[in-house]
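Participant: This is a predicted model, with the sequence first.
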Amino acid sequence: MSAKKELPDKELFIKVYSENNIHQTAKHFGVGTNLIKRWSGVFGFEKRPVFKPDRDKLAEFYKNHNINETADHFGVSVGTITNWIKLLGLHKRKPHDRKQKPTGDQLREYLVLHTNKEAAAHFGLGIATIDRLIKRCGLTDMTKELVIEPTNKLPMPTQDEFEKVYFSKSVEEAAAHFGVGDHIVHRWREQFGIKCKTDRELPDIFTPKQLELLTGSLLGDGCLRKIETPDENSYYTEQHGPDQYGYLQYKFRELEPFSNSLKPKSNFKVICPARNGMPYKVDYNQIRTSFIYDTYSSPLFTALEKKWYKRGSDGEYQYMQRGKTLCRIKQLPDDLYLTPFIVAMWYYDDGTTKWRNDPQHYKGNTRRSRNITLCTESFSRDECERLVEMLKKMGITDCKVNGSGEIFVLSQSFVAFIEMVKPYLPHPCMRYKVEYEPSERIKANEKVVA
């Protein structure tokens, strides 16, 4: 079995990808294009822009080469070349300029040792044309037996090796582990006769640790999918930036076998979130890559969703305005309780730490004032006061609700709070949240991003 493909050096990856197209980059690192896209998201490297070539250069090259060779030469797809030909007003090559189509016997003989794509390049035709010829010559049922995969195909893992990885990771992570595309993972699963994860029977109860993890996450950044119809179930989902990818991996492992996928997603950068009455603003010139984790649907998540999201007497959701978006209103369940682990998950999700010089607080001394903010604007003020009372019973006595609906843990309880959540550090990527002093990369008066 092939070894897991490790992330390349960031500078090397950006250098190679900047100078080559995605196919050439994939060939350079010996991986597939899907993995190149995934690495690009992890490194936060934007997709390379594709520029149209000079009209004369395109016409000159296309005159003596077929469309596949032209696409390879300019590092784009056949569809892009076709669009360029139309946009630049060029004429497609005339039939007598093209290579002669192979006969059925010629095609059959070549396909014995080659794939459809190789046949298209050999005969100077498009893959779609080769596919049509295969159907026309009655070779459709024989292609699976005739076509031999390329010799550089990665070896298939054993069933035990595949099951161990497939059931402990998402499909995307399994694909990265084996160095193949997602579709290959699904193909291997079918060949081994393994049921899809969605067909597996999920437990009918959470473990105590899973329930506490979900409680802390729902106090923070976690979300339960809206239930559209009575016969469907909800699922849990959460999104973080690339720096917190390891944190999402931790949740993926802890919530097994409910975990479904952990995928990259690219959005325009939000420069002003809809908070405290401020308008929602987006910079359409900057792309921000994040990762989304979600679970499978289950009646267990449906039961949680009905506890955590407010409904009216008619059973309909109640909404609040956030910028231009209507969001469901979260509420605290009646049976909510806090433990150090719940508070830790809540803090690692949606807590921030701030250092500042506050001479008045220390009566003229230059010591730094340290406080923690727990973002609780989604809850009512009464609910925030309820959370404050729970924290005080746990020994975090110096805390309050500010005017913006956030919970402040002030300096006198800063150490007690950090000491309480520090033993539950989920991943080294979140270590910056339990530092007693700002690291070198954080200046005074600068807020640590959640």
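Facilitator: Structure's in. What do you need?
Participant: where do the helices sit along the stretch 201-350 of the chain?
Facilitator: 208-219, 245-254, 299-308, 340-350 (DSSP state H, counting those that start in this stretch).
Participant: mind listing the strands for this protein?
Facilitator: 223-224, 236-240, 259-272, 281-295, 319-322, 325-328, 351-357, 368-374, 399-401, 407-409 (DSSP state E).
Participant: closest to residue 89 out of the helices of the stretch 201-350 of the chain?
Facilitator: Ranking the helices of the stretch 201-350 of the chain by proximity to residue 89 (Cβ to Cβ) places helix 245-254 first, at 46.6 Å. Every C-beta, even on glycine, is put in place using the N, C-alpha and C of the backbone.
Participant: Give me the buried positions along the closest one.
Facilitator: By 16 or more other Cβ atoms under 10 Å, the buried positions in helix 245-254 come out as 245, 247, 248, 249, 250, 251, 252, 254.
Participant: residues contacting the last one?
Facilitator: If I follow you right, that is residue 254. Residue 254 makes contacts with 209, 210, 213, as judged by Cβ atoms under 8 Å, 6 or more residues apart in numbering.
Participant: These into JSON lines, with extra columns for distance to residue 82, pLDDT and neighbour count?
Facilitator: What follows is the contacts of residue 254, written out as JSON lines (distance: Cβ to Cβ, whole Å; pLDDT from 0 to 100; neighbours: other Cβ atoms under 10 Å):
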{"residue": "209", "distance to residue 82": "55", "pLDDT": "94", "neighbour count": "11"}
{"residue": "210", "distance to residue 82": "51", "pLDDT": "94", "neighbour count": "17"}
{"residue": "213", "distance to residue 82": "51", "pLDDT": "95", "neighbour count": "24"}
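Participant: ok, those residues vs residue 338, which is closest?
Facilitator: residue 213 (13.3 Å).
Participant: Okay, now the unreliable bits of the stretch 101-250 of the chain?
Facilitator: 112-113, 140-154, 196-200 (pLDDT under 70).
Participant: quick one: buried residues of stretch 416-424?
Facilitator: 417, 418, 420, 421, 424.
Participant: Among those residues, which are located in helices?
Facilitator: Of these, the ones assigned to helices by DSSP state H are 417, 418, 420, 421.
Participant: and which of the residues you listed is nearest to residue 193?
Facilitator: Once Cβ to Cβ is applied, the member of those that ends up nearest residue 193 is residue 421, at 44.9 Å.
Participant: Next one, pLDDT for the closest one please.
Facilitator: Predicted confidence (pLDDT) for residue 421: 93.
Participant: In space, what's closest to it - neighbours in sequence excluded?
Facilitator: residue 344 (3.9 Å; Cβ to Cβ, 6 or more residues apart in numbering).
Participant: For burial, what's the neighbour tally of the one you found?
Facilitator: Neighbours of residue 344 under the rule other Cβ atoms under 10 Å: 25.
Participant: who's in contact with it?
Facilitator: 216, 420, 421, 423, 424.
Participant: Check those and tell me the two furthest apart.
Facilitator: It's 216 and 423 that sit farthest apart of the contacts of residue 344, by Cβ to Cβ, at 14.1 Å.
Participant: quick revisit: export the buried residues of stretch 416-424 to a markdown table and tack on distance to residue 130?
Facilitator: A markdown table is the format used below for those (distance: Cβ to Cβ, whole Å):
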| residue | distance to residue 130 |
| --- | --- |
| 417 | 66 |
| 418 | 64 |
| 420 | 65 |
| 421 | 60 |
| 424 | 58 |
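Participant: Among the residues you listed, which one lies nearest to residue 134?
Facilitator: residue 424 (58.6 Å).
Participant: and the gap between the closest residue in space to the closest one that isn't next to it in sequence and residue 165?
Facilitator: Among residues not flanking residue 424 along the chain, residue 344 sits closest, at 3.8 Å (Cβ to Cβ, 6+ apart). From residue 344 over to residue 165 the distance is 29 Å, taken as Cβ to Cβ, to the nearest Å.
Participant: who's in contact with the residue most central in space within the chain?
Facilitator: Centroid-nearest residue in the chain, with Cα atoms, centre = their mean: residue 264, separated by 2.3 Å. Residue 264 sits next to 37, 38, 41, 42, 289, 290, 291, 292 when contact means Cβ under 8 Å, 6+ apart.
Participant: right, and the last one touches residue 237 too?
Facilitator: Yes - look at residue 292 against residue 237 with Cβ atoms under 8 Å: they come within range, at 6.5 Å.
Participant: of those two, who's got more company?
Facilitator: Using other Cβ under 10 Å as the criterion, residue 292 and residue 237 rank with residue 237 on top: 17 against 14.
Participant: Which strand residues bridge the more buried one?
Facilitator: When bridges are called by DSSP bridges, residue 237 pairs up with residue 223, residue 294.
Participant: Find the nearest non-adjacent residue to residue 431, please.
Facilitator: Nearest to residue 431 is residue 425, by Cβ to Cβ, 6+ apart, at 6.5 Å.
Participant: Based on its surroundings, how many neighbours for that neighbour?
Facilitator: The burial count for residue 425: 16, using other Cβ under 10 Å.
Participant: now residue 407
Facilitator: So residue 407, with other Cβ under 10 Å, has 22 neighbours.
Participant: For it, list the residues it contacts.
Facilitator: Applying Cβ under 8 Å, 6+ apart, the residues near residue 407 are 373, 374, 376, 384, 387, 388, 391, 399, 400, 401.
Participant: cutoff 6 Å now
Facilitator: Applying Cβ atoms under 6 Å, 6 or more residues apart in numbering to residue 407 gives the contacts 374, 376, 384, 401.
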